[in-house]
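Colleague: The following block contains a protein sequence and its predicted model.
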Amino acid sequence: MYIRKTVSKVKGKEYVNYLLVESHATPKGPRQKTICSLGNMEPRPREEWLLLARKLERALSGQQSLPLEEPDPLVDEIAAKARRAMAGASGNAEEAVPVLLDKVGFEEGREAGTVHVANQMWRRLGMDEILETAGLSEKARLLTRIMVANRLISPSSEHAMPGWAGRTAIADILGADLSKLNDDALYRQMDRLHPLREEIERRLGEKERTLFDLDDTIYLYDLTSTYFEGRCEDNPEAKRGHSRDHRDDCKQVVVGLVVNRDGFPKAHEIFDGNKVDCETVDEMLAALFARTGWREGATVVVDRGMAGVENLVSIKACKLHYVVAARQEERNEWLGELECEDGWEEVIRTPSPTNPYQKKSSIKVLRRERDGEVFILCISEERTAKDRAIRESHEKKLLEDLRKAAESVRTGRLKDADKIHERIGRLKERYPRVARYYEITYASGNGLAWRENAAKKETAAKLDGSYILKTDRKDLSAEEAWRIYSLLTRAEAAFKAMKSPLAERPIFHHLRDRVHTHIFLCILAYHLLVCIEKTLRDKGCHFSWQSVRDTLSTHKVATIVLPTASGDVIRIRKGATPEPQHKEIYDLLGIGSEIMKPIKTRRPNVS
C-alpha cells in the first residue's frame, strides 16, 4: 500500500490529488487499485508517505498499534475514510476490527428454518393481501400470521403462544416487536376473524387454483369429529355423538371438509356434535357453492354414510355427478355376482411414496349397470382379513353387552319394558355390522333372549373383503371409478394432518365462535402444509411436513457477540449458514436460504 500524487489539467487549470493505492497480483501481472482519494492537501512530506502507508495498512487489517507508538489522528481519519470507500464500492458494510477471541460469544439462538418456510408460503399464497381485502388492519394481519404459523410449527394455546414466539425467530423474520404479545390480543383477533372466514376461504381457494393450476372437477367430502375438554355448557353445538376419536365421554362438534383431488381445502362447515352424516350433505353443498361457485358437471365423492337416495338426488339437482360407496346392506343384492369368477379386472394399487412399509397390492373390480346407475363391485384380499377381524370383534362385544343386559333384567335392576327395548335399540345401533344376523327378543317372564341367524351370518362372512361403488357417470370404466373413489383418502389425510401435526384437538375453547375460529386457523395452517407438500411433490420429493419440520428445526438465528480491543462490543444478529439438508429443502421449495438481513450494533462494553 502506498500514496500516489496525481496531477490533471482541465481548461488550462492544474488540479492535484493524493490517492491511497494498493498493489495486488493478477494472472496478467501486478495491478494497482485505488483505495480512496485523500483530496488535494498533501498528507505529509513525501519522505514520510511510506511510513504513513504502512500504518494505514496495519489499521485497515485490524492490527493494533505498536506498544511504543504514539496514536496518530491522521491515520485514524484516513483509515475511516478508506473503510467507507471500500464499503461503498462493495455495497457491503464490512470492516476489520481487532477482536478478543477468548471472549467471543453466541446468544439468543432461536429456531428459524420452520418459521422461514411458513413465512415464505404465507407470502406465496398472498395471505396478507387476502386478509387486507377482507378488512383486517396491519396489526390484525400480523396476529393472524403468528397464530397460523404457531399452529403449523408447534401448536399451542393462545395463552402459551407468546412464549412460543419468544423461543423462535418469528420476531426477527417478521421484523416485529413481539415483546408485548399477550393472549388477550390473540383472543380478540379470533373474534375479528370469525365473521370473515367464508370470504377468506373463498379468496384463498381462488389464489391456489391460479397458483397451482388446480383441477376443480372433483370434490371429495368427508366428516370427522373433534372433542372438547370441559363441560362446554355455553356452546349449543357441543354434544355427545359418534366419536371418531373414540372419546364418547366428551362432548364434540362434527367438522365437514371438502378438498379437491390435490388435497387443497375448498370449503368447511361445523355441525352439532350429534349430527348424523347423511344430514350434512345439503348444507355442505351450499357452503361449497358459496366458496367456489362450482363447475357444472363436476363429480362429488362421498363415503357410504352419506350415500342415501335423498343425498344423491340433491347432488344431481345441483348438476353435479357422484361416485359413492354403497351401503353395507346393498352388498347382499350382489352376492351372486361377487361369487362369480368371470369378467373381473385387476387394478394395481401403487404404494404411497411417503410410506416405505406399504407394499404394492391389487384389487379386483367388476362393472355392472342397473336402473341408470353404474355399480363397481370390488374385492380386496387385504381387506378380507381386516373385515373378518372387525366383524368378529364386534360380535364378541355385542354378545358380552347382551349378557350384561340380560343379567340386569334377571336381577331386576332393569325392569321397565320401554327401557329394555331402548337398550336393545342402542345395542343394534352400536353394532350394526353384526346385530343384523341376531334376533333379539324380550318377553315379560322370559327375560332377554337372542338367537343367531346362521344364514345371515354365512352371507356376511362371504362378503368380507368386498364393497360396492356406484356412480351416475356412464363414461367411467371400473378402474376409473375406483381410482376416483380412492381419492377420498385425500380428505382423510387432511383430517389426519389437522389432528396430528396441527393438533386441532382437543379443543379448550368453550364459546361457539371461538371454536369455529380455532378450527378455521387449523384449516389455514393446513393450506400452508398442503402448499409445501404439493410444491415438493411437483419436484419429485415426497417429504411430509413432519419430516421437513424436523429437519429445518436445527436451522437457527443467533446473535454473535464480538468484544473488541477498543472496549466496544459488536453484536451481529443473523441466520446460521444453512447445512446441506436445509439448503436442499429451500431449493426444492424455491425459496432463498437467507433467513434475515444481518443486523449489526456496536456499543461500549458496560460490564
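Modeller: Alright, I've got the coordinates.

Colleague: mind listing what's buried in the helix or strand harbouring residue 205?
Modeller: Per DSSP states H and E, residue 205 falls inside helix 197-212. Neighbour-count burial for helix 197-212 flags 197, 199-205, 207-209, 212 (criterion: 16 or more other Cβ atoms under 10 Å). Where C-beta positions appear, they are placed from N, C-alpha and C, glycine not excepted.

Colleague: Can you name the next helix or strand after it?
Modeller: The element immediately downstream of helix 197-212 (helix or strand, assigned by DSSP H and E) is strand 218-227.

Colleague: Residue 336: neighbour count?
Modeller: A count of nearby residues for residue 336, using other Cβ atoms under 10 Å, gives 7.

Colleague: Per-residue pLDDT of it, please?
Modeller: pLDDT for residue 336: 81.

Colleague: cool, and residue 408?
Modeller: We have a pLDDT of 91 for residue 408.

Colleague: how close does the closest residue to it other than its chain neighbours get to residue 516?
Modeller: Distances taken as Cβ to Cβ, 6 or more residues apart in numbering put residue 414 closest to residue 408, at 3.9 Å, once the chain neighbours are dropped. From residue 414 over to residue 516 the distance is 41 Å, taken as Cβ to Cβ, to the nearest Å.

Colleague: I'd like the buried residues of helix 197-212 laid out as JSON lines, including pLDDT and distance to residue 72.
Modeller: JSON lines is the format used below for these (pLDDT from 0 to 100; distance: Cβ to Cβ, whole Å):
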{"residue": "197", "pLDDT": "96", "distance to residue 72": "69"}
{"residue": "199", "pLDDT": "95", "distance to residue 72": "68"}
{"residue": "200", "pLDDT": "96", "distance to residue 72": "65"}
{"residue": "201", "pLDDT": "95", "distance to residue 72": "69"}
{"residue": "202", "pLDDT": "95", "distance to residue 72": "70"}
{"residue": "203", "pLDDT": "95", "distance to residue 72": "65"}
{"residue": "204", "pLDDT": "96", "distance to residue 72": "64"}
{"residue": "205", "pLDDT": "94", "distance to residue 72": "69"}
{"residue": "207", "pLDDT": "95", "distance to residue 72": "62"}
{"residue": "208", "pLDDT": "95", "distance to residue 72": "65"}
{"residue": "209", "pLDDT": "93", "distance to residue 72": "68"}
{"residue": "212", "pLDDT": "93", "distance to residue 72": "64"}
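
Colleague: Could you take those residues and lay them out as a markdown table, with extra columns for distance to residue 84?
Modeller: Formatted as a markdown table, the buried residues of helix 197-212 follow (distance: Cβ to Cβ, whole Å):
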| residue | distance to residue 84 |
| --- | --- |
| 197 | 54 |
| 199 | 52 |
| 200 | 49 |
| 201 | 53 |
| 202 | 53 |
| 203 | 48 |
| 204 | 48 |
| 205 | 52 |
| 207 | 45 |
| 208 | 48 |
| 209 | 51 |
| 212 | 48 |
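
Colleague: Need phi/psi at the residue most central in space within the chain.
Modeller: The centroid of the chain falls nearest to residue 529 when counting by Cα atoms, centre = their mean (2.5 Å). Here is the backbone geometry of residue 529 (degrees, to the nearest 10): phi -60, psi -50.

Colleague: For it, which residues are in contact?
Modeller: By Cβ atoms under 8 Å, 6 or more residues apart in numbering, the contact set of residue 529 is 152, 497, 501-502, 545.

Colleague: Most neighbours of all those residues, which one?
Modeller: Busiest of the contacts of residue 529 [other Cβ under 10 Å] is residue 152, holding 27 neighbours.

Colleague: Helix, strand, or coil at that one?
Modeller: Assigned with DSSP: H, G, I helix; E, B strand; the rest coil, residue 152 falls in the helix class.
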